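*Asks:* Predicted structure and sequence below. I'll ask about it afterward.
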Amino acid sequence: QVHLVESGGGLVQPGGSLRLSCAASGSIFSINAMGWYRQAPGKQRELVASVTNNVGTRYADSVKGRFTISRDNAKSTVYLQMNSLKPEDTAVYYCNVGGILNNVLGHAGRDFISWGQGTQVTVSS
């Protein structure tokens, strides 16, 4: 019932920049949290950055000072600006959104958590 569309991945040289976008659509009453995770080959999926209504923004130590997460509530979209990219940032990046669905009356219904399909980011010379 909630569909996420990611965009912005690609190949970039070390030191370069990319901007990821993730737009949520569907029967959404409210969004509480939006974030980005990544998974490199042979490694577990890890949190990169998140923005929540209660906590604000949070970043993995490895990306602090280089990545910036932002959110456009009107568009139900979350962005990840990635600067000073390093080869170790190479991974598939997944958008994650959590919130509340509409019920049949258009009021607050049940909680949801949705994942995007993933977008490849490759940092290489």
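*Replies:* Received the coordinates, thanks. The structure presented is a predicted model; accordingly, all values stated were derived computationally and were not measured. Numbers count the residues shown, from 1 in each chain.
*Asks:* Check the gap between the most far-flung residue of the chain relative to its centre and residue 27 for me.
*Replies:* Centroid-distance maximum for the chain: residue 105 at 29.5 Å, with Cα atoms, centre = their mean. Between residue 105 and residue 27 the computed distance is 12 Å (Cβ to Cβ, to the nearest Å). Where C-beta positions appear, they are placed from N, C-alpha and C, glycine not excepted.
*Asks:* Over to the residue farthest from the centre of the chain: give its phi and psi.
*Replies:* Main-chain dihedrals, residue 105, degrees, to the nearest 10: phi -90, psi 0.
*Asks:* Give me the below-cutoff pLDDT ranges for the chain.
*Replies:* For the chain, no stretch has pLDDT under 70.
*Asks:* Could I get the contacting residues of residue 15?
*Replies:* Taking Cβ atoms under 8 Å, 6 or more residues apart in numbering, we find residue 15 in contact with 84-85.
*Asks:* Now do the SS call for it.
*Replies:* Under the three-state scheme (DSSP: H, G, I helix; E, B strand; the rest coil), residue 15 adopts coil.
*Asks:* And the strands in the chain, which stretches?
*Replies:* With DSSP state E as the criterion, the chain has strands at 2-7, 10-12, 18-26, 28-39, 46-52, 56-59, 67-72, 77-82, 91-102, 108-115, 119-123.
*Asks:* How about the third one, which residues are buried there?
*Replies:* It stands for strand 18-26. 18, 20-24 (16 or more other Cβ atoms under 10 Å).
*Asks:* likewise the fifth one?
*Replies:* Buried residues in strand 46-52, counted by 16+ other Cβ under 10 Å: 48-51.
*Asks:* Taking these, tell me the two that lie furthest apart.
*Replies:* 48 and 51 (11.5 Å; Cβ to Cβ).
*Asks:* okay, and the common contacts of these two?
*Replies:* With Cβ under 8 Å, 6+ apart, residue 48 and residue 51 have common neighbours residue 35.
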